[in-house]
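A.B. asks: following is a predicted model, sequence given first.
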Amino acid sequence: MIILNFFLIFLIQPAFSQIYEERLPSLIENPEKPKTGSKYFGYNFVMKTNNGNTKFIVGSPKSESRTGKVTSQTGELFSCEYSPLATSCVRPSNSLARMVGDSPDMIPESLNLGLTVFSQTDKDIMVCSPQKTLNCSNGMQNPGACYVAETGKELAQDFDECTKAVHQDIMILIDFSHSVNQNEILESKKWTKSVTSQLDIQNTSNVGIIKFSNAVEVEVGLGTCKDQRELNQTIDKMTLKQLHTNTGAAVNLAMKELRNSPRYHDENCEKFIIVLTDGRANDQDVLKSAVDDVFNSDVTLYTIAVGNFNKQQLLNSLRNKSENLYTVRSYFELSKIVTSLAQSITGSREDNIGHNELWQAENGIAGTFGKTVNVWSLLVGNVGDVCSGGI
């Protein structure tokens, strides 16, 4: 940290975390001074002034708190009374983490209280927890939450409960045409087994498989395989067909399978068609009407395009949203998209904004939070301190 007369120059590295006021620099540090691991004290904060007195409400998203019988990294807010000569920071007796961390389904470490802190009114401080996660019987759910800091009251409290189980009916269409060689077929099978292994076939996900070339065949009827072992054995037995690429006929057959499912009209069952192909469809007219049928239904279409495709033409022909189109250069790169596709289907995608921001702060990429208080003052929080964090 270098301060020149009337100028403020910050050299901020992951090992330091501070807020400075220009005319009389001072430091506010984490009062608990943890010995290991940054607690990200100072990641976000608000400043309150009353009759000349200044108080900071400082977020520390990785501070530990005791909820019930367990100590967890819930995050916390600290109250810091500030003056140029002395600063006193304490964890309030009405700890926000203790007030909100006792939900039976909630994973306390997901709260990261202090990740977002802002002043809603002259009196209320609001704290948001975008990573809040519930451990529900049907899997992890990420509702997020916002709280009033002083009372722990949650906005939209119905989000604090697990939602009803969502099921999936999924038809996977695999290109077995002449352009796909034996080794590439093996990679297609491997990829299909990897994707389906991330689904809950025994409880929530019904899977069907169609292979297509000039002929179109149902290899696995929707929901007929009741566990992963049985499904894998069936996939391994699939044989090469070749000749043309009748993608449209395959989509039509997939829609027939989905409509025959007793869950087709169930609003708690999501329907998907996943097309894995490396070539232009030979039945373009049939494909157009088949895709129209998909988009007039509640079915979501994903396309996995292998090789050199004109992306825009592919999007147009399959009417895909760009986020529903995956492209890889070869069949041997299919493994790169297994997790993201499975998470898109099940709704458990982990690219959480808060998680990414904290990771960046920890690695020195980000983690500086600044506020201009008035024309003379600049406050900067640098949270990457490996021992504490501070403002």
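C.D. replies: Received, thanks.
A.B. asks: just the helices in this structure please.
C.D. replies: 96-100, 182-197, 228-236, 247-259, 284-295, 311-318, 338-346, 353-362 (DSSP state H).
A.B. asks: quickly, which of those bottoms out on average pLDDT?
C.D. replies: Lowest mean pLDDT within these: helix 353-362, a mean of 46.
A.B. asks: now do the strands in the stretch 51-200 of the chain.
C.D. replies: Counting by DSSP state E, counting those that start in this stretch, the stretch 51-200 of the chain forms strands over residues 53-60, 65-67, 70-72, 76-82, 87-90, 106-107, 116-119, 125-129, 133-136, 139-141, 145-148, 167-175, given from the N-terminal end onward.
A.B. asks: packing partners for the last one?
C.D. replies: With contacts defined as 3 or more CB pairs under 8 Å, 6 or more residues apart in numbering; DSSP states H and E, strand 167-175 has these neighbours: helix 182-197, strand 205-212, helix 247-259, strand 269-277, helix 338-346. C-beta here means a position set from N, CA and C on the backbone, and glycine is covered the same way.
A.B. asks: please report the distance of residue 146 from residue 101.
C.D. replies: 15 Å (CB to CB, to the nearest Å).
A.B. asks: compare these two (neighbour count), which wins?
C.D. replies: More neighbours sit around residue 101 than around the other of residue 146 and residue 101, counting by other CB atoms under 10 Å; the figures are 24 against 18.
A.B. asks: hang on, isn't the more buried one packed against residue 69?
C.D. replies: No - with contact defined as CB atoms under 8 Å, residue 101 and residue 69 do not form a contacting pair (12.0 Å).
A.B. asks: might you report the residue contacts of residue 31?
C.D. replies: If a contact means CB atoms under 8 Å, 6 or more residues apart in numbering, then residue 31 has 78, 88-91 as its contacts.
A.B. asks: try residue 83
C.D. replies: Counting by CB under 8 Å, 6+ apart, residue 83 has contacts residue 54.
A.B. asks: let's see the pLDDT reported for it.
C.D. replies: 81.
A.B. asks: and for residue 201?
C.D. replies: Here, the pLDDT recorded for residue 201 equals 90.
A.B. asks: that one: neighbouring residues, count only.
C.D. replies: Neighbouring residues of residue 201 were enumerated by other CB under 10 Å; the total is 20.
A.B. asks: that one against residue 224, yeah?
C.D. replies: No - with contact defined as CB under 8 Å, residue 201 and residue 224 do not form a contacting pair (10.8 Å).
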